[in-house]
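> Provided below for reference: sequence and predicted model.
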Amino acid sequence: MTNASPKKTFLITGVSSGFGKAFATAALQDGHIVIGTVRNETAQQAFADMGENAHAILLDVTKFDDIGPAIDKVQSDIGPIDVLVNNAGYGHEGILEESPLDELIAQFNANVFGAVAMIKAVLPTMRLRRSGHIINITSMGGFITMPGISYYCGSKFALEGISETLASEVAHLGIHVTAIAPGSFRTDWAGRSMVRTDRSITDYDSLFDPIRDARNQKSGQQAGDPAKAAQALLHIINQPEPPVHLLLGSDALGLVRTKLTNLGDEISKWEDVTTSTSFDAA
């Protein structure tokens, strides 16, 4: 993959660690301007120290009313946003019956509503300029599921659907939308970035305890390299027809292909019931 391209201005949410830091580092090394959102002054200074093209703003994407004014100021001071990367978010782990609704609301605030608020803030100038690329970092959990992460998967399924719909709404305006769905990568997703609901119902122990133990053991040993994910992102922004959906990681590829095969089999198995619901011909 070659990444040489005209200098662009990126806005990347959550650049302090994980994918966000990897994306920002790669874009800066490629000569782009990067505006990164952070949540404290220490992180703001650390990002600014990455070079003259690194600009950090204090912004919590769950404080929706702050987003519009912050983006307006950024575009006034630095210039219009060419590439928005909605990366900020976190994982939630917990059996659905045990997990409070407040934790579902918080999960969607960060992973879905914050991303949409960012999109709505940059779309007007992208639309007027007839150019731009919106990249939403989802997850293979936006296609496949496993016990214990229903809130997380729900948020990523939602962002996948929003991304695909938005892509169809803005394609004629010269704006691209890509949902990037990583598999397991060596980020903090399963570590300090994950919120875990306390266990309370023993009926779920035999199902979920092995899953939680396996996830803890694998944390930091995942197959995916965030730096290579960043190179993939830089590659697609140079393409005249970038994908609407992009899986990253061999595990994501295998699991999603299996899911699609099983879904196709289930649709065929129940096709008679599906087609039985039409009105009878007069």
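Okay, I see it.
> By mean pLDDT, which helix or strand of this structure comes out lowest?
When each helix and strand of the chain is scored by mean pLDDT, DSSP states H and E, helix 205-218 comes last, with a mean of 83.
> quick one: contacts of it?
The contact list for helix 205-218, computed with Cβ atoms under 8 Å, 6 or more residues apart in numbering, reads 93, 95, 146-148, 184, 190, 199. Every residue, glycine included, has its C-beta placed from N, CA and C.
> what about residue 60, distance to residue 14?
Taking Cβ to Cβ, to the nearest Å as the measure, residue 60 falls 10 Å from residue 14.
> Would you check how far apart residue 23 and residue 87 are?
Taking Cβ to Cβ, one finds residue 23 at 7 Å from residue 87.
> what is in contact with these two at once?
12, 15.
> When those two are compared, which one has more neighbours?
Shown here are residue 23 and residue 87; by other Cβ atoms under 10 Å, residue 23 has more neighbours (29 against 25).
> Tell me which of the contacts of helix 205-218 has the lowest pLDDT.
The weakest per-residue confidence within those falls on residue 190 (53).
> hmm, back to that, and the next helix or strand after the least confident helix or strand of the chain, what does it pack against?
Downstream of helix 205-218, the first helix or strand assigned by DSSP states H and E is helix 226-236. Helix 226-236 is packed against helix 18-29, strand 175-182, strand 245-248, with contacts defined by 3 or more Cβ pairs under 8 Å, 6 or more residues apart in numbering; DSSP states H and E.
> And the host helix or strand of residue 76, what's buried?
According to DSSP H and E, residue 76 maps onto helix 64-77. Buried residues in helix 64-77, counted by 16 or more other Cβ atoms under 10 Å: 64, 67, 70-71, 74-75.
> now swap in stretch 248-267 and tell me
Within stretch 248-267, judged by 16+ other Cβ under 10 Å, the buried ones are 248-249, 251-252, 255-256.
> Pick out the most distant pair among these.
For the buried residues of stretch 248-267, the farthest-apart pair by Cβ to Cβ is 248 and 255; their separation is 12.4 Å.
> Give me the common contacts of these two.
With contacts defined as Cβ under 8 Å, 6+ apart, the residues adjacent to both residue 248 and residue 255 are residue 183.
> Could you point out which of the buried residues of helix 64-77 is nearest to residue 32?
Nearest to residue 32 among these, with distances taken as Cβ to Cβ, is residue 74, at 14.7 Å.
> Excluding covalently adjacent residues, which one is nearest to the closest one?
residue 35 (5.5 Å; Cβ to Cβ, 6 or more residues apart in numbering).
> What residues does residue 108 make contact with?
154-155, 158.
> let me fix that: residue 152
So residue 152 contacts 91-93, 107, 111, 139, 141 (Cβ under 8 Å, 6+ apart).
> As CSV, these with neighbour count and secondary structure would be great.
Converted to CSV, the contacts of residue 152 look like this (neighbours: other Cβ atoms under 10 Å; DSSP: H, G, I helix; E, B strand; the rest coil):
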residue, neighbour count, secondary structure
91, 24, strand
92, 25, strand
93, 20, strand
107, 24, helix
111, 29, helix
139, 27, coil
141, 23, helix
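> can you give me how far stretch 101-110 is from the chain middle?
Mean C-alpha position of stretch 101-110 versus that of the full chain (Cα atoms, centre = their mean, to the nearest Å) differs by 16 Å.
> Show the pLDDT at the residue nearest the centre of the chain.
Residue closest to the average C-alpha location in the chain (Cα atoms, centre = their mean): residue 137, at 2.0 Å. Per-residue pLDDT puts residue 137 at 97.
> so how far is residue 10 from it?
Distance from residue 137 to residue 10, by Cβ to Cβ: 13 Å.
> Which strand or helix spans residue 262?
helix 250-269.
> which helices and strands sit right next to that helix?
Counting by 3+ Cβ pairs under 8 Å, 6+ apart, helix 250-269 packs on strand 175-182.
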